[in-house]
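>>> Could you look at this predicted model? Sequence included:
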Amino acid sequence: MKKSQPWQETFLKALSRLTKFLTFLFLFTSSAFPQVAQFPTFSYYLVERELRIISATKESILYTSVPRYVRVITREEIDRWGARNLFDLFDHLPEFYVRKSDFYLNAVGALGIRQSYFSEKVQVLIDGIPLADPSNGSSFSTNNNISLDNVKRVEIVYGPMTSLYGFNASLVVVNLVTYSPDDIKGKAGVHVNTDGSNDSYLVGTFSRSGFKGVYSFLYREDRAPHGEYTDWSGREENLSFYSKHFTYYFKLENSNGLYFNFYGVNRDTSFPISLTGVIVNGSRSFADRVAYLNRLGFKRKEGNFFLDVNLHLNWFYLKRGYNLCPSDLEACRKLNRDGFYAVEKRYVRNPGFSFLASYSSPVGKFFGGFDFDVSHLYRTKIDANFRPSSLLSFDFEDLLVPYQVFLETGSLTEAANYLPPSAFSLGIPYKTLPSDESIMDKVRRVTLSPYFQYLLTRKTYSLLFNLRVDRATDVGSAFSYSISTLYRLSDSLGLKLNFGRAVRVPSFEEMYVKNNPILLGNRDLKFEKMTSLMPSLEYTGATTQLKVLFSFSWIKDLIYKELVNGFQKRWNNAEGTVKVKGMLVTFKKSFGNYELYFDVGRRFSYSGAVSKDYFQFPDWRGVAGLAYVGTAFESDFNTEFFSRISDDVGGYYLLNLSTKWKLRERYSLYLKVKNLLDRDVYYPATWPKLVGEGRNVWLGLEYYF
């Protein structure tokens, strides 16, 4: 792996000093000179005062009245950056870090914390509907692409949000606000990549007889070659990952208040390696996921009263192939003629009901309601040519000898000669196994969650208070809250403070995994509690914008993988408190048609009972760029830079270019070049040490109806 070069360390130090200098210079000049718009065609100040957001309070509110730290990414920025999905967007936001997990899935962290491939602490919504899979608590498990082709803006709310949105909204809530018939009539497009990936979409709207609606069909294929890889058996293969996503979304509203939303995902993934990570043979290692999420409800506003009642019946399905030891390897054939192979299936249904009401009065807005939710893993089965429970019968001390032989000889076949006799009694005909051999138990979790919100907005200050109680039948009760304030020092300068506690519930996979020789579930897991303090200072003038956010997080009863012996890990709650401190600086400056910007995220410190490696996150991450916006042409040239990520992966930077041409009134051409210098990028992972994408080019054409 590449190590950090001295010039890279010098660059990061220089960048830190430059950030401090620009912050001081900006504050000095902004107070010394009157803020007069030099370019009346665009003003950060005017845009913020016209912008309304939903995610901070669940009701539309002026951005300038929100006491939370919020970032809004407009459709214009999405197009200019060439962001086809949410992960492309995160490339421009240094508070996020997307790492490839062991199975090459996107694992997302934020504000210095990245835990596992579940990405439980970052929750994604589409028009307020949570995308999380109840079996593991992750939005990115449901959809590992999350297209932006049908999105008109992205609202990101930082800090503890459990008190409003429920479990796992610990660090960040990302809400995708989709098009409405008032925004667009329709569009279609196709984008292709030099690595064989492609992205296609169709978005349409309609309005008739009191009904108005939007539909979208989104299809994405990802193919990511990573060159030659040598596995533990000595075989060499051209490692290549393949995934396809078909996503469809439909929303319908009636003038009488009735509404219906339906979001569906069909995701198929073929892994380039066996699920053990030992053998290059991904032909039978796969994961197919299907999810249907929906809301049927009624909402009405009468005077100062607002009412929203809805119900849902979500459904999730997983079919996953475990290619543990392929039959084309001699050592595997020695243990079992057909190798070791299994296919697991899970079925989860998730019905629920929600009620909320609000009342606006001269002394503020009062908002309250409750959520009732049932997550039921009602069927789970496994087809295999071995009994998973038999893998637990090994004395792990007996495995140390063959493991040592493998390290010395590099031969799995030689190591197999030293396996204990019990290893040769695993083979059975491939068939459906009894329920006690399943990888997870059947389980039901019923949750009842009453909550309350109070919002007071005045010309110079705002106050927001949230309180929630969650009662889960298999874990217990949890209490969460948040207090957020905004005080305007001037018309352009505001000070915000957000303090609260968020709660993460242990997932089904963490509590009820069984018959797994590597990872054990824990039925006694407790809630994970995160207390956060986030002060921020925000300045928005006509042509200049500067925002600084500090984050302090204390995590109690952290859910992590505890090493039981040399081979097994078990989910457990950490003793003591994990502490993480960080900062985010965002700066924009417009010069007529040009915009200069940079965003820098910094994790200052980490301490606690769990190793820092468990929260693998670069201490420095930043994005700097120059954008141009013309009548028929837009472009964005930027650099992403990272500090050292782990002991074996040093810091690096990438240069990227994105452009958009408006060929005619209805046609636009897109060109995006990722990694212009074709630099090697290494992803830190337990196995294998993957090399990231080299230089690749996206070319696309879009048509508006």
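Yes, it's here.
>>> In terms of pLDDT, where does Thr23 sit?
pLDDT recorded at Thr23 is 46.
>>> and if you look at Ser449?
Ser449 is given a pLDDT of 95.
>>> Contact partners for it?
Gly166, Phe370, Asp371, Phe372, Asp373, Arg468, Val469, Asp470, Arg471 (Cβ atoms under 8 Å, 6 or more residues apart in numbering). Using the backbone N, CA and C atoms, a C-beta is placed for each residue, glycine as well.
>>> Report how many residues lie close to the first one.
Going back to what we said before, that points to Gly166. Gly166 has 22 neighbours, counted by other Cβ atoms under 10 Å.
>>> i'd like the first residue to be 29 from this point on
Done: numbering now begins at 29, and the last item shifts to Gly194.
>>> So it is in contact with Asp498, correct?
Yes: using Cβ atoms under 8 Å, Gly194 is in contact with Asp498, at 6.6 Å.
>>> all strands of the stretch 529-678 of the chain, in order?
Remark: strands assigned in the stretch 529-678 of the chain by DSSP state E, counting those that start in this stretch are 547-548, 556-568, 572-584, 587-591, 597-601, 605-619, 622-635, 648-657, 661-670.
>>> Could you name the helices and strands sitting against the third one?
Strand 572-584 sits against helix 34-60, strand 556-568, strand 605-619, with contacts defined as 3 or more Cβ pairs under 8 Å, 6 or more residues apart in numbering; DSSP states H and E.
>>> for the first one, same thing?
Contact analysis of strand 547-548 by 3+ Cβ pairs under 8 Å, 6+ apart lists strand 597-601 as its packing neighbours.
>>> buried sites along the strand it packs on?
For strand 597-601, the neighbour count (16 or more other Cβ atoms under 10 Å) marks Arg598, Trp599, Asn600, Asn601 as buried.
>>> Pipe those residues into CSV and attach pLDDT and distance to Leu153 per row.
As requested, the buried residues of strand 597-601 are exported to CSV (pLDDT from 0 to 100; distance: Cβ to Cβ, whole Å):
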residue, pLDDT, distance to Leu153
Arg598, 90, 32
Trp599, 91, 26
Asn600, 93, 30
Asn601, 93, 28
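>>> Let's have the residues you listed in JSON lines, adding distance to Phe527.
As requested, the buried residues of strand 597-601 are exported to JSON lines (distance: Cβ to Cβ, whole Å):
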{"residue": "Arg598", "distance to Phe527": "34"}
{"residue": "Trp599", "distance to Phe527": "29"}
{"residue": "Asn600", "distance to Phe527": "28"}
{"residue": "Asn601", "distance to Phe527": "24"}
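>>> And those residues, which is closest to Glu556?
Asn601 (7.3 Å; Cβ to Cβ).
>>> tell me the contacts of the closest one?
For Asn601, the contacting residues are Leu553, Lys554, Glu556, Asp585, Leu586, Ile587, Tyr588, by Cβ under 8 Å, 6+ apart.
>>> for Lys279, same thing?
By Cβ under 8 Å, 6+ apart, the contact list for Lys279 reads Asp155, Thr206, Gly241, Val242, Tyr287, Phe288, Asn289, Phe290.
>>> partners of the fourth one in the sheet?
Just to be clear, that refers to Val242. Thr233, Lys279 (DSSP bridges).
>>> and it, how far is that from Ile154?
12 Å (Cβ to Cβ, to the nearest Å).
>>> gap between Val531 and Thr475?
Distance from Val531 to Thr475, counting by Cβ to Cβ: 11 Å.
>>> Pro379 now?
Look at Pro379 and Thr475: by Cβ to Cβ, they are 12 Å apart.
>>> what sits in contact with each of the two?
Asp401, Val402.
>>> Those two: who's more crowded?
The residue with more neighbours, out of Pro379 and Thr475, is Thr475; 21 against 14, by other Cβ under 10 Å.
>>> shouldn't the more buried one be in contact with Ser382?
No: contact criterion Cβ under 8 Å: Thr475 and Ser382 do not qualify, at 11.6 Å.
>>> hey, what's in contact with both of the two?
Joint contacts of Thr475 and Ser382 (Cβ under 8 Å, 6+ apart) are Asp399, Phe400.
>>> Spatially central residue in the protein, please.
Geometric centre of the chain, nearest residue: Val136, 4.5 Å, by Cα atoms, centre = their mean.
>>> which residues sit in contact with that residue?
Val136 touches Phe115, Phe118, Phe124, Tyr125, Val126, Arg142, Ser147, Val150, Phe168, counting by Cβ under 8 Å, 6+ apart.
>>> who does it bridge with?
Val126.
>>> measure it to Ile673 for me?
From Val136 to Ile673 the distance is 15 Å (Cβ to Cβ).
>>> cool, and Glu78?
40 Å.
>>> if we can go back for a sec, anything in contact with each of Gly194 and Asp498?
Common neighbours of Gly194 and Asp498 (Cβ under 8 Å, 6+ apart) are Thr475, Ser477.
>>> Let's verify Glu105: helix, strand, or coil?
Following DSSP: H, G, I helix; E, B strand; the rest coil, Glu105 is assigned to helix.
>>> okay, now Ala480: neighbour count?
That one is not Ala; residue 480 is Phe. Neighbours of Phe480 (other Cβ under 10 Å): 16.
>>> hang on, isn't it packed against Phe398?
No: using Cβ under 8 Å, Phe480 makes no contact with Phe398, being 9.9 Å away.
>>> Give me the nearest residue to Ile410, chain neighbours excluded.
Take Ile410 and drop its neighbours on the chain: the residue closest to it by Cβ to Cβ, 6 or more residues apart in numbering is Glu372, 4.9 Å away.
>>> Show the contacting residues for that neighbour.
Residues near Glu372 by Cβ under 8 Å, 6+ apart: Leu346, Lys347, Arg348, Tyr350, Thr408, Lys409, Ile410, Ser466, Ile467.
>>> Out of these, which comes closest to Ala319?
The shortest gap between Ala319 and any of the contacts of Glu372 belongs to Leu346, at 9.4 Å (Cβ to Cβ).
>>> Next one: the closest one, what pLDDT does it get?
So, for Leu346, pLDDT stands at 94.
>>> What of Ser129?
69.
>>> Over to Leu230?
Leu230 carries a pLDDT value of 97.
>>> try Asn309
57.
>>> re earlier: give me the beta-bridge partners of the residue nearest to Ile410?
Arg348, Ile410.
>>> cool, and Leu491?
Leu484, Thr513.
>>> and what of Arg496?
Counting by DSSP bridges, Arg496 is bridged to Tyr479, Ser508.
>>> List the residues that contact it.
Thr190, Ser191, Leu192, Gly194, Ser477, Pro478, Tyr479, Phe480, Phe507, Ser508, Tyr509.
>>> rerun that using 7 Å as the cut-off
Thr190, Ser191, Ser477, Tyr479, Ser508 (Cβ atoms under 7 Å, 6 or more residues apart in numbering).
>>> TSV please, covering these and showing distance to Ala570.
Listed next are the contacts of Arg496 as TSV, based on distance: Cβ to Cβ, whole Å:
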residue	distance to Ala570
Thr190	37
Ser191	36
Ser477	44
Tyr479	39
Ser508	39
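>>> which one of these sits closest to Phe314?
Thr190 (34.1 Å).
>>> That closest one against Ala530, yeah?
Yes: contact criterion Cβ atoms under 7 Å: Thr190 and Ala530 qualify, at 4.1 Å.
>>> Break down the stretch 329-478 of the chain into its helices, ranges please.
358-363, 428-437, 440-444 (DSSP state H, counting those that start in this stretch).
>>> before we move on, the earlier item: any chance of the contacts of Asn601 in CSV, with pLDDT too?
Output for the contacts of Asn601, formatted as CSV (pLDDT from 0 to 100):
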residue, pLDDT
Leu553, 94
Lys554, 94
Glu556, 92
Asp585, 93
Leu586, 91
Ile587, 91
Tyr588, 88
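>>> what about Leu153, which SS state?
The three-state assignment at Leu153 reads strand, by three-state DSSP.
>>> number of nearby residues for it?
Neighbour tally, Leu153, other Cβ under 10 Å: 21.
>>> What about Asp706, how many residues nearby?
Neighbours around Asp706, by other Cβ under 10 Å: 11.
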